[in-house]
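>>> quick one: sequence plus predicted model below, questions after.
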Amino acid sequence: MGAPEPEEEYTAESAGQGAIRGELEKTLAEAKSSEAWLRKIIDTIPTQAHCNLPDGTNEFSNKRWQEYTGLSSEEASGWGWQMAYHPEDLPRVMETWRALLATGESGGIQARLRRHDGVFRWFQFRSEPLKDETGKIVRWYGANVDIEDLKQADEALRVSERTLNLIINTIPMLAWSTDPSGSVEFLNKRWLEFTGLSAEQASGFGWSAVIHPDDTKGLLDYWQAALTSGTNVDVEARMRRFDGQYRWFLFRASPLLDESGKIMKWYGTNVDIEDRKRADEELRRSEAFLAEGQRLSRTGTFAWRPDAMKSVWSEELYRIHEIEPGAPIPTNIAQIGVHPDDIRLVNETAAKGAESGSDYEHTHRIVMADGRIKYLHVTARATRDLESRLEYIGAVQDVTQRLLSEEALTRSRSEIAHMARVMSLGVLTASIAHEINQPIGAVRNNAHAALRFLAAEPPNLTEVREALECIVRETYRAGDIIGGIRDQVIKAPPRMDIVDLNKAIEDVIALVRGELSKYSVSAQTRLAEGLSRVYGNRVQLQQVMLNLILNAIEAMASVEDQVRELVVSTAPSAAEGLLVTVGDSGPGIASEDRQRIFESFYTTKPSGVGIGLSICRSIIEAHAGRLWVDAHQPRGALFSFTLPAHN
């Protein structure tokens, strides 16, 4: 009876212990399940995580760390994790890690971690200590974040900033920036080098110290107005260089606005315009000189594009036409006062030039509002613009006074020539009258005596014969006297010198330009180069040329609907030294008149005296030359004379 009781007690105790064991096993199972779940979570988070013991050795690394590094949990345990770090970064990592272990404070570092394929990427490492109730560290927990892209972006930003700074300091201008109030925050290297100021000296409004005293107030007032209004800056002022020299600069600045339109900064540049300023000043002075020169010479300029019928006039050209400067230029030339008789000339000349693209030149008249006439000489040169379009650059000179003076000179010259001819004829007449007065008186007396002898009863024929013989003798004597006077005129010793015949002829041509223009005669000179000099009287030779040229112009005055052309030429002559010819396109001289035309008082002109060509021949013969006339081809007369070359 007593034996079963102990057995029952044993069974109950065993059952209690089994229950406790079961609870423990359940708790352990649940703990293992929770730990597995926690590890699963840690392995799943998109970050590398690890757990270290208080001494710093690795206890656990999550799946992402192992997959990235290619190291197993066993390889990474303890201090094996060091194999994953870049050799250059590991000393720095260990130094930081030891410092954290010593202080027990959280911290981190950036370093490169090797990927399973050998590629290193930058990571941000962060570790936090886990402490118990007493503050003792029981674990270290850490995470690694891939910052490679951020690092590259930072490096790119640093490179960009370096490049930007390099550009700002290299650009050939002074650059700067200010805050919204206008206080300088940045000045590039060129600005500092140019002014010689330091960044501290120029900061704020210290930069104004390098502005020219005469420009400072105006520039600061302008700058303050721009700061208030927020408008762009565009102003010129002088800045002092480090050596004390002032140069002109163009100040430009623009505000940087935020999304609301508020000014955040001002960015500006200063561009050296000293050379441009000087060039502008030189251009202004040149333009002033040109305008004054045009005014003094009465010459205006123009540019004309035929395809657009567009022209630009200088101020002087407006003044010549007596039109308000800047007024629209009429395309109809009649509206700018061209003389009705010259409109055809102007239009045809311009049209021919535009068609051929060649230079042109002409003289025309314009009629002023009060009826005054002006003579304008136009010279135009053809050019091409950048698009190869024909354009004319020309000059228009008011030659009214010159032409009027030439006409007055021509009239005076004609009057003087006429007076000279009259005086010469008077002197010749007086000389002849004086010299032949006696033979004429003797002829008269002998004639009266002969009449008396004939009237006698019976007539005394012997005395009549003697009287008539005396009359014959006296007439021969009179002829000898005239010949002597002619010889005296020819043989009068002139002032002789060495003469450049080409130059003498050019001077005569210049003298008769008024006559050439008056009768619309074009003159061509064909003067041989290297022509020998002649020995003679320059004035007398020019008198011959003047007489021959004026005769040619007069001969062509009656020519209508034909070209009036004067050709003067010189050439060496093998037989006689030098040959000079004067040809015209007039009506010519009849063959029967060519020999007599050099006789005294013989003329083919209604108003002619008939002594000019006689004197010309006398002068040429006195210079050991000869003068003659031939027909000119295709029409006209050709006067020629020769002179011996001077040895």
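Looks like it arrived, so ask away.

>>> please tell me how far the residue most central in space within the chain sits from residue 302.
The residue lying closest to the centre of the chain (Cα atoms, centre = their mean) is residue 283, at 11.0 Å. Going from residue 283 to residue 302 by Cβ to Cβ, to the nearest Å gives 20 Å. Where C-beta positions appear, they are placed from N, C-alpha and C, glycine not excepted.

>>> residue 560 too?
The gap separating residue 560 from residue 302 is 34 Å, by Cβ to Cβ.

>>> out of those two, which sits in the busier spot?
Between residue 560 and residue 302, residue 302 has the larger neighbour count (other Cβ atoms under 10 Å), namely 17 against 6.

>>> export the helix or strand hosting that one as CSV, just CAs?
Following DSSP states H and E, one finds residue 302 within strand 299-305. In CSV, the C-alpha atoms belonging to strand 299-305 read as follows (Å, rounded to 0.1, in the frame of the first residue of the first chain):
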residue,chain,number,x,y,z
THR,A,299,33.3,118.8,-103.5
GLY,A,300,30.6,116.4,-102.3
THR,A,301,30.7,112.6,-102.3
PHE,A,302,28.1,110.0,-102.9
ALA,A,303,27.6,106.2,-103.0
TRP,A,304,25.1,104.8,-105.6
ARG,A,305,23.8,101.3,-106.1
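
>>> if you average pLDDT over it, what comes out?
Strand 299-305 comes out with an average pLDDT of 84.

>>> cool, stretch 57-72 as well?
89.

>>> that older thread, wait, is the residue nearest to the centre of the chain part of a helix?
Yes: secondary structure of residue 283 (DSSP: H, G, I helix; E, B strand; the rest coil): part of a helix.

>>> residues contacting stretch 383-397, please?
297-307, 317, 320, 353-354, 357, 376-382 (Cβ atoms under 8 Å, 6 or more residues apart in numbering).

>>> quick one: distance of it to the chain centre.
Counting by Cα atoms, centre = their mean, to the nearest Å, stretch 383-397 is centred 14 Å from the centre of its parent chain.

>>> which parts of the stretch 501-647 of the chain are strands?
522-527, 534-536, 565-573, 577-583, 626-631, 637-643 (DSSP state E, counting those that start in this stretch).

>>> and the angle for the last one with strand 626-631?
Between the axis of strand 637-643 and that of strand 626-631 there is an angle of 160 degrees, by axes from the mean of the first three to the mean of the last three Cα atoms, to 10 degrees.

>>> tell me what angle strand 637-643 forms with strand 577-583.
160 degrees.

>>> and for the longest one?
The directions of strand 565-573 and strand 577-583 differ by 170 degrees, with the same axes, to 10 degrees as the criterion.

>>> from the contact counts, what lies against strand 565-573?
Helices and strands in packing contact with strand 565-573 are listed as helix 501-511, strand 522-527, helix 538-556, strand 577-583; criterion 3 or more Cβ pairs under 8 Å, 6 or more residues apart in numbering; DSSP states H and E.

>>> now these in JSON lines, with distance to residue 218 and mean neighbour count?
Shown next, in JSON lines, are the helices and strands packed on strand 565-573 (distance: least, Cβ to Cβ, whole Å; neighbours: other Cβ atoms under 10 Å):
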{"stretch": "helix 501-511", "distance to residue 218": "59", "mean neighbour count": "17"}
{"stretch": "strand 522-527", "distance to residue 218": "63", "mean neighbour count": "13"}
{"stretch": "helix 538-556", "distance to residue 218": "69", "mean neighbour count": "20"}
{"stretch": "strand 577-583", "distance to residue 218": "73", "mean neighbour count": "21"}
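
>>> mind putting these in TSV, distance to residue 42 and mean pLDDT included?
Shown next, in TSV, are the helices and strands packed on strand 565-573 (distance: least, Cβ to Cβ, whole Å; pLDDT from 0 to 100):
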stretch	distance to residue 42	mean pLDDT
helix 501-511	115	84
strand 522-527	113	90
helix 538-556	123	86
strand 577-583	123	93
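
>>> reformat these as a markdown table; add distance to residue 465.
Converted to a markdown table, the helices and strands packed on strand 565-573 look like this (distance: least, Cβ to Cβ, whole Å):
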| stretch | distance to residue 465 |
| --- | --- |
| helix 501-511 | 57 |
| strand 522-527 | 63 |
| helix 538-556 | 48 |
| strand 577-583 | 54 |
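
>>> nearest to residue 346, of these?
Of all these, it is strand 522-527 that lies closest to residue 346, at 18.3 Å by Cβ to Cβ.

>>> in three-state terms, label residue 177 for me.
strand.

>>> what's the spacing between the nearest residue to it once chain neighbours are set aside and residue 616?
Distances taken as Cβ to Cβ, 6 or more residues apart in numbering place residue 186 nearest to residue 177, at 4.5 Å, with adjacent residues excluded. Separation of residue 186 from residue 616 (Cβ to Cβ): 93 Å.
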